[in-house]
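> My questions concern the predicted model and sequence given below.
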Amino acid sequence: MASRKHGRPVASFTLQEKMDLREVFSLCSADKSDRLDWQELRMCLRGLGFGVRKSDVKRFIHELNRHGDGMMDFPHFLELIEVLSSDTFSKERDILDGYSLFDKQNNGHITMDDLRALCTEVNEYVPDNSLRRMIEIADADGDGVVNKADFLKVMKRTNLFR
């Protein structure tokens, strides 16, 4: 998730918008604890029109949770809404949707076999040494495969998603 410096006040919302979001947030907190677990957060975000997946919501909580308890408080909720309202989240989502075209085995990483299968699918011959080089360039952690974070980083560098 594209994030901004944590702890900064959310200045992009009007007072009325903050009050409205506070009301929505409070309604989603089933136990009225003023904190949301991932299911409550997902319901809340979907109610606000954000088509988020379970994995997205869990990632948001992991990235924004300062207490380590898997819950989201209102200030971090505002921060999340600001990020989701930007184009950044949408662009990242588009890139990650494209990732599934490469991850043929749906195992969370792209291998040489995945690239070969894609080449066969589109009837394009690419020598193994070129495919290997593609993986080497994209593989940030050196494990021999391209994970989602690696893929996202490479695609952002291409400037195709501005």
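Perfect, thanks for sending it.
> In contact with A149: list those residues for me.
A140 (Cβ atoms under 8 Å, 6 or more residues apart in numbering). Yep, even glycine has a C-beta here, placed from its N, CA and C like the rest.
> in what helix or strand does it lie?
Assigned by DSSP states H and E, A149 falls within helix 148-157.
> How far does that helix sit from its chain's centre?
Remark: helix 148-157 is offset 12 Å from the chain centroid, using Cα atoms, centre = their mean, to the nearest Å.
> do stretch 131-144 as well
With Cα atoms, centre = their mean, you get 21 Å for stretch 131-144.
> do the same with stretch 15-26
Distance, centroid of stretch 15-26 to centroid of chain: 24 Å (Cα atoms, centre = their mean).
> contacting residues around that stretch?
10, 13, 32, 34, 36, 44, 47-48, 74, 77-78, 81.
> can you do 10 Å?
Residues outside stretch 15-26 that contact it (Cβ atoms under 10 Å, 6 or more residues apart in numbering): 10, 13-14, 32, 34-36, 40-41, 44-45, 47-48, 72-74, 77-78, 81.
> lowest average confidence, helix or strand, in this protein?
The weakest-scoring helix or strand in the chain, judged by mean pLDDT, DSSP states H and E, is helix 87-102 (a mean of 74).
> the inter-axis angle of it versus helix 148-157?
Orientation of helix 87-102 against helix 148-157 (axes from the mean of the first three to the mean of the last three Cα atoms, to 10 degrees) gives an angle of 120 degrees.
> which helices and strands does helix 87-102 pack with?
helix 54-64, helix 74-85, strand 109-110, helix 112-121, strand 146-147, helix 148-157 (3 or more Cβ pairs under 10 Å, 6 or more residues apart in numbering; DSSP states H and E).
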